[in-house]
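[1] quick one: sequence plus predicted model below, questions after.
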There are 4 protein chains.
Amino acid sequence: MDPEKVKEYFFNDRYARFSKIEIVDVKEGYCKVRMEIEDIHLNALDILHGGAIFTLADFAFAVASNSRGRAAVSINASITYFKPPTGKIVYAETEEINLGNRLATYQIKVYDDKNTNIALFTGTVFRTSKETSFEGG
Amino acid sequence: MDPEKVKEYFFNDRYARFSKIEIVDVKEGYCKVRMEIEDIHLNALDILHGGAIFTLADFAFAVASNSRGRAAVSINASITYFKPPTGKIVYAETEEINLGNRLATYQIKVYDDKNTNIALFTGTVFRTSKETSFEGG
Amino acid sequence: MDPEKVKEYFFNDRYARFSKIEIVDVKEGYCKVRMEIEDIHLNALDILHGGAIFTLADFAFAVASNSRGRAAVSINASITYFKPPTGKIVYAETEEINLGNRLATYQIKVYDDKNTNIALFTGTVFRTSKETSFEGG
Amino acid sequence: MDPEKVKEYFFNDRYARFSKIEIVDVKEGYCKVRMEIEDIHLNALDILHGGAIFTLADFAFAVASNSRGRAAVSINASITYFKPPTGKIVYAETEEINLGNRLATYQIKVYDDKNTNIALFTGTVFRTSKETSFEGG
């Protein structure tokens, strides 16, 4: 897997781009992303929108699960919110909990640059038989 | 509860506005929202982003749960995806499953203008003691 | 599908039997089960155990999802609790939310004989290619 | 907190006892439990029942969340299944993800004596103002 090819491919993710989410790091089965909090990310209470937190985690989930050589489609996800961020940058970082032939599960921690524990996301994908083309060379 | 006051208040939800989500209808404990699918909502596969689907449902959830007279804070949510939309407009519509003193649970169906069953969202809020000011008069 | 064959097959579900859960009704993609609350179902607070509520809903989920002609394996499930039962009998009843080729999602309402809304369960199965043998004849 | 008082209190959890679940270890905000797989725990496919896996994890969750000095009531939980056990004993072990004033979230890993990764459970409790009486002395 060539990280540059993954980044190039996911640059085409417009909702993530539009939400100003950037890939910080990607390896097989792993991804870390970041988002600087701007006005567009806020809800009516002036705090970071749950949808923006979810989208951040979901993007890390998509990149990590698709980095395993086969196209992966999200089946479902759950998110629990802890505290609103106190810092200016929010990160989401994946952990591969299970990688089966057909199914894989990832957990994503969302935290900020002050190390506030913001949310925990758990998601499961269906791994299709379609190969991705992220190999280097 | 005055629907116009609710709409005015939630107009300040910038991530929803930025995601081009509009309130179609709001009553006590109920909300329906819509989003016309545009390029900015797509993922790297050119289909509607899971984060955009979640944000749509989450916004309906926030409006419905806050329309009950007290400020409501999201505790957690889960979403299951069924099919990508085939139409051009996506709707999210809430059902109030349980309204307790401290906790309330809503279920949100996401479907499109061709009646495709896109996703099911279930979310729980903590109802704070802070009153909202959506009364008419 | 022959309901008697389904019941006979699931009579072999020992944890359900041991938990005194009975099938009330089964059709294609649908199941209703019941459990009379006994001392063995209680937790340390003398109220119905969350595990017993889950097991009741999970059994209805298993029967409904396996009644569709192919063996179905549970991927994941989530449950939200509302109120403890005030009656003596608890029911779980399924609704088929989505039936895809590989995946299917069911929602199960748990309520008692006084119509108390006890819990809501949402579960997704992977539908294997193995046929079940519930046909009549 | 006196672990012996916690064990004594939870000995009164009849559904856990009946399901032959035992507390292995308990500390503030932490619990590990075990269950030897017996015939009563099996489903119609002769594998460990999802309800038994959930009940095991849920019991560890209840003990850990109630060990923090205040009575804790389960709001909701989600579980993702990975592999059926290949060993004879199943364990569930908690991790306290977040401890807030009103809400707390725990994650529970379920694995067997062959270290098979069986399931992941995430649950959130509401922390009531009622004090528990697990203090030693």
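    Great, that's in hand.
[2] strands of chain A, start to end?
    A:21-27, A:30-36, A:70-81, A:89-99, A:103-112, A:117-131 (DSSP state E).
[3] residues from chain A in reach of chain D?
    Near chain D, the residues belonging to chain A are A:78, A:80, A:82-83, A:97-98, A:100, A:105, A:107, A:117, A:120, A:122, A:124 when assessed by CB under 8 Å from any CB of the partner chain. From N, CA and C alone the C-beta is placed, and that goes for glycine too.
[4] weed out the non-buried ones from the residues you listed.
    For the residues of chain A next to chain D, a neighbour count by 16 or more other CB atoms under 10 Å in any protein chain shown gives the buried set as A:78, A:80, A:82, A:97-98, A:105, A:107, A:120, A:122, A:124.
[5] and the furthest pair within those residues?
    Comparing every pair within those by CB to CB identifies A:82 and A:98 as the most remote, at 23.6 Å.
[6] quick check: longest helix of chain A.
    Residue-count comparison of every helix in chain A, with assignments taken from DSSP state H, identifies helix A:50-66 as the longest.
[7] do you know how far residue A:58 is from chain D?
    To chain D, residue A:58 is 16 Å away according to CB to the nearest CB, to the nearest Å.
[8] again with residue A:90
    Counting by CB to the nearest CB, the gap between residue A:90 and chain D amounts to 16 Å.
[9] count of neighbours near that residue?
    Other residues lying near residue A:90 total 25 when counted by other CB atoms under 10 Å in any protein chain shown.
[10] equivalent analysis for residue A:102, please.
    A total of 15 residues lie near residue A:102 under the criterion other CB under 10 Å.
[11] and what of residue A:55?
    Look at residue A:55: counted by other CB under 10 Å, it has 30 neighbours.
[12] mind pulling the model confidence for the closest residue in space to it that isn't next to it in sequence?
    Take residue A:55 and drop its neighbours on the chain: the residue closest to it by CB to CB, 6 or more residues apart in numbering or on different chains is residue B:51, 3.0 Å away. Predicted confidence (pLDDT) at residue B:51: the value is 98.
[13] what comes into contact with stretch A:43-56?
    Contact with stretch A:43-56 is made by A:15-16, A:19, A:21, A:33, A:35, A:37, A:41-42, A:77, A:79, A:81, A:84-85, A:90, A:92, A:110, A:118-119, A:121, B:9-16, B:19, B:49, B:51-52, B:54-56, B:58-59, B:62, B:74, B:77, as judged by CB atoms under 8 Å, 6 or more residues apart in numbering or on different chains.
[14] pull the CA atoms of it into CSV?
    Taking Å, rounded to 0.1, in the frame of the first residue of the first chain, the C-alpha atoms of stretch A:43-56 are listed here in CSV:
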residue,chain,number,x,y,z
ASN,A,43,-23.9,24.0,16.0
ALA,A,44,-26.5,26.4,17.3
LEU,A,45,-24.9,26.3,20.7
ASP,A,46,-21.5,27.4,19.3
ILE,A,47,-19.9,24.1,20.0
LEU,A,48,-18.5,21.5,17.6
HIS,A,49,-21.4,19.8,15.8
GLY,A,50,-22.0,16.1,16.5
GLY,A,51,-22.2,15.6,12.7
ALA,A,52,-18.7,17.2,12.3
ILE,A,53,-17.3,14.9,15.0
PHE,A,54,-19.0,11.9,13.3
THR,A,55,-17.8,12.9,9.9
LEU,A,56,-14.2,13.3,11.1
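[15] can you redo the residues of chain A next to chain D as TSV with distance to chain C and pLDDT?
    Below are the residues of chain A next to chain D laid out as TSV (distance: CB to the nearest CB, whole Å; pLDDT from 0 to 100):
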residue	distance to chain C	pLDDT
A:78	6	98
A:80	11	98
A:82	18	98
A:83	22	97
A:97	12	98
A:98	11	98
A:100	10	97
A:105	8	98
A:107	13	98
A:117	21	97
A:120	14	98
A:122	9	98
A:124	6	98
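[16] of the residues you listed, which is the nearest to residue D:70?
    For the residues of chain A next to chain D, the residue nearest residue D:70 by CB to CB is residue A:82; the value is 18.1 Å.
[17] mind listing what the residue nearest to the closest one when sequence neighbours are not counted touches?
    Counting by CB to CB, 6+ apart, residue A:82 lies nearest to residue D:98, which is 4.3 Å off, once chain neighbours are set aside. If you count contacts by CB under 8 Å, 6+ apart, residue D:98 has them with A:80, A:82-83, A:117, A:120, D:104-105.
[18] gap between residue D:98 and residue D:74?
    Separation of residue D:98 from residue D:74 (CB to CB, to the nearest Å) stands at 15 Å.
[19] next one: residue A:16
    34 Å.
[20] how about low-confidence regions in chain A?
    Where chain A drops to pLDDT under 70, the residues are A:136-137.
[21] tell me how far the residue most central in space within it lies from chain D.
    If you average the C-alpha coordinates of chain A and look for the closest C-alpha using CA atoms, centre = their mean, you land on residue A:60, 1.6 Å from that point. Per CB to the nearest CB, residue A:60 is found 17 Å from chain D.
[22] okay then, goodbye and thanks.
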